[in-house]
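>>> With the input below, show me the fold.
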Amino acid sequence: PVVSAGGFTWNISTNYTYNNNTVTDVYTGLDRVNIPLSNGAGSDAYAAKGLNYPALYTTDIVRVQNTNPNGANYDATGQFVGRPVINPATGYPILDTELKYQGTTQPKYRFGFSNTFAYKGLSLNAVVEYRGGAVIYNQLGSALEFTGAGIRTTYNDRQNFIFPGSVIANADGSFSNNTSVTTRDGNLEFWTNSGYHNAGSSYVTSADFWKLREVSISYD
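Alright, predicted model coming up:
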């Protein structure tokens, strides 16, 4: 008990789990193996060598990189690394069809916290849980934005806009901030058939959460 005085008691109990598993190897010649759904269809979850299991892979938009000097959109300065590259004709981000690692779907951290307050025969108990260190692919988000029901479709009043953080690839291989090229459309086309909408990464978010699991009051 944290407090025990005058017929009043306050008890706290906690538990904590840390899971940092790593896939050491997969089938010879492969970097990752897909984990199918229960019906046998492919999924976005993989067992990937050197990464936590399960590993989430999705398509992404084209971004500036500085890891492969011979690859596209290489920035030796590192100034624009990670920034989305737009199509100057449409203002839309370009879809990169190569699957990219987004994180693990298995929480690394689990924390439980229980409080019990009691006074004579009356007691109040509350259980709180935290899970962190994971990501989630929100497939429903794509469907909501396709129909125009998603909140993000209203951020610019469905008008043309400059894609946030975007850059333009120049003919000499350098990059510059996009300050003038707006999207060709900020309504139906962008939210149904642009590189941003078609990229799975656009709907990957943190899966971390705090949850009030249980509250109970009792009298004995």
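>>> Not counting stretch 99-108 itself, show me its contacts.
Counting by C-beta atoms under 8 Å, 6 or more residues apart in numbering, stretch 99-108 makes contact with 18-21, 45, 48, 51-60, 131-137, 200-201, 204, 207-208, all of which sit outside it. Every C-beta, even on glycine, is put in place using the N, C-alpha and C of the backbone.
>>> Generate the ChimeraX command that creates a selection of the buried members of the residues you listed.
A single ChimeraX command suffices to select whichever of those are buried according to 16 or more other C-beta atoms under 10 Å:
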select :45,48,51,52,53,54,55,56,57,58,59,60,131,133,134,135,136,137,200,201,204,207
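>>> Identify the residues contacting residue 183.
By C-beta under 8 Å, 6+ apart, the contact set of residue 183 is 90, 91, 92, 160, 161, 162, 163, 190, 194.
>>> Which ones among the contacts of stretch 99-108 map onto strands?
Among these, the subset assigned to strands under DSSP state E consists of 18, 45, 48, 55-60, 131-132, 135-137, 204.
>>> coming back round to it: now the two most distant members of the contacts of residue 183.
Within those, 162 and 194 form the most distant pair, 13.9 Å apart (C-beta to C-beta).
>>> Neighbour count: these two, which is higher?
In this view residue 162 and residue 194 are compared by other C-beta atoms under 10 Å, and residue 194 has more residues nearby, 23 against 16.
>>> Not counting sequence-adjacent ones, nearest residue to that one?
In space, residue 194 comes closest to residue 92 once its chain neighbours are excluded; the distance is 4.3 Å by C-beta to C-beta, 6 or more residues apart in numbering.
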